[in-house]
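> pasting the sequence and the predicted coordinates here, then a few questions.
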Amino acid sequence: MCANEIIVMIKDIIIAIAAATTAIVAYKGLEKWQKELKGKANFETAKSLISATYKLRDEMRFCRSPFIPSSEFPEDYNPLKKGTGEDKGKVYAHIYGKRWEHVAEAIQEFDVHTLEAEALWGTEIREKTNQLRQCTRNLSSSIQAFIENEYSDGEHFKDKTFRNKIRNDIYLMKEDKNPLSIKINTAIKTIESEIRPHLDNS
């Protein structure tokens, strides 16, 4: 083998080594980039879901406020007039209908971010968020029962246990002892425990 052939062979080997090194570096760079993208996606999804969770919590809290300012009553409402059951039903349907609009918007946002999280992390997060969604369904049912009782002029609340259960749901009093509030706070802590690692690791 002559000197020229040796030089060509060495050159080919060097080119092959350089190409292999470039490929390895490119692969490592791509792998790192993919991890960074995934980490960013996890962080953004976690941040959006936790924000939506807190927004839903706050809207539910406002909806359950026992204090009703005059601005929430219908324009033609006269507090001095003793109305019929139907009159009272219409008044509370108006008040809680307006309050629920904000809750419904928060639910919609919460559901959207839950879907995004489920797409990234699997169905386990859906199981966690379903606990809070069940609380919204409970509240909605209790509000409906309360309004129907007003329409019936108190006929539906003759059962004291049922009456107290509904009032505990729709009136936010003594949050640390309120059954629905405890369920809401427990559901939120469950979601937080699932989301925190995605926020901390990004």
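Great, that's in hand.

> pLDDT of the helix or strand hosting I107, averaged?
Element membership for I107 (DSSP states H and E) is helix 85-121. Average pLDDT, helix 85-121: 93.

> in terms of secondary structure, what does that helix contact?
helix 3-63, helix 124-151 (3 or more CB pairs under 8 Å, 6 or more residues apart in numbering; DSSP states H and E). From N, CA and C alone the C-beta is placed, and that goes for glycine too.

> pull out the buried residues from it.
Of all the residues in helix 85-121, those buried under the rule 16 or more other CB atoms under 10 Å are 88-96, 99-100, 102-103, 106-107, 109-110, 113-114, 116-118, 121.

> between helix 124-151 and it, find me the angle.
Interaxial angle of helix 85-121 relative to helix 124-151 (axes from the mean of the first three to the mean of the last three CA atoms, to 10 degrees): 180 degrees.

> pull the distance from helix 85-121 to the chain's centre.
A distance of 12 Å separates the centroid of the chain from that of helix 85-121, by CA atoms, centre = their mean, to the nearest Å.

> sorry, back to before: would you single out the least confident of the helices and strands packed on helix 85-121?
Per-stretch mean pLDDT for the helices and strands packed on helix 85-121 is lowest at helix 3-63 (a mean of 70).

> contact partners for N168?
N178, P179, L180 (CB atoms under 8 Å, 6 or more residues apart in numbering).

> any idea how far D58 is from the second one?
From P179 over to D58 the distance is 20 Å, taken as CB to CB, to the nearest Å.

> do the first one as well
N178 sits 16 Å away from D58, taking CB to CB as the criterion.

> of those two, which one has the most company?
Between N178 and D58, counted using other CB atoms under 10 Å, N178 has the larger neighbour count: 17 against 13.

> not counting sequence-adjacent ones, nearest residue to that one?
Among residues not flanking N178 along the chain, N168 sits closest, at 5.8 Å (CB to CB, 6 or more residues apart in numbering).

> tell me the helix or strand right after the helix or strand hosting that neighbour.
Assigned by DSSP H and E, N168 falls within helix 160-170. Per DSSP H and E, helix 160-170 leads on to helix 179-200 as the next helix or strand towards the C-terminus.

> buried ones in that following helix?
Buried residues in helix 179-200 (16+ other CB under 10 Å): L180, S181, K183, I184, N185, A187, I188, T190, I191, E194, I195, H198.

> excluding sequence neighbours, find me the nearest residue to K98.
E72 (6.7 Å).

> count the neighbours of I170 for me.
21.

> now Q131
16.

> ok, F162 next?
Using other CB under 10 Å, F162 is surrounded by 13 other residues.

> can you tell me how far it sits from N149?
Taken as CB to CB, the span from F162 to N149 is 9 Å.

> who touches both of those two?
H156.

> can you list the buried residues of helix 179-200 in JSON lines and add distance to I68 and pLDDT?
Supplementary listing: the buried residues of helix 179-200 in JSON lines, determined by distance: CB to CB, whole Å; pLDDT from 0 to 100:
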{"residue": "L180", "distance to I68": "19", "pLDDT": "96"}
{"residue": "S181", "distance to I68": "19", "pLDDT": "96"}
{"residue": "K183", "distance to I68": "24", "pLDDT": "96"}
{"residue": "I184", "distance to I68": "21", "pLDDT": "96"}
{"residue": "N185", "distance to I68": "24", "pLDDT": "95"}
{"residue": "A187", "distance to I68": "26", "pLDDT": "96"}
{"residue": "I188", "distance to I68": "26", "pLDDT": "96"}
{"residue": "T190", "distance to I68": "32", "pLDDT": "95"}
{"residue": "I191", "distance to I68": "30", "pLDDT": "95"}
{"residue": "E194", "distance to I68": "36", "pLDDT": "90"}
{"residue": "I195", "distance to I68": "34", "pLDDT": "90"}
{"residue": "H198", "distance to I68": "39", "pLDDT": "82"}
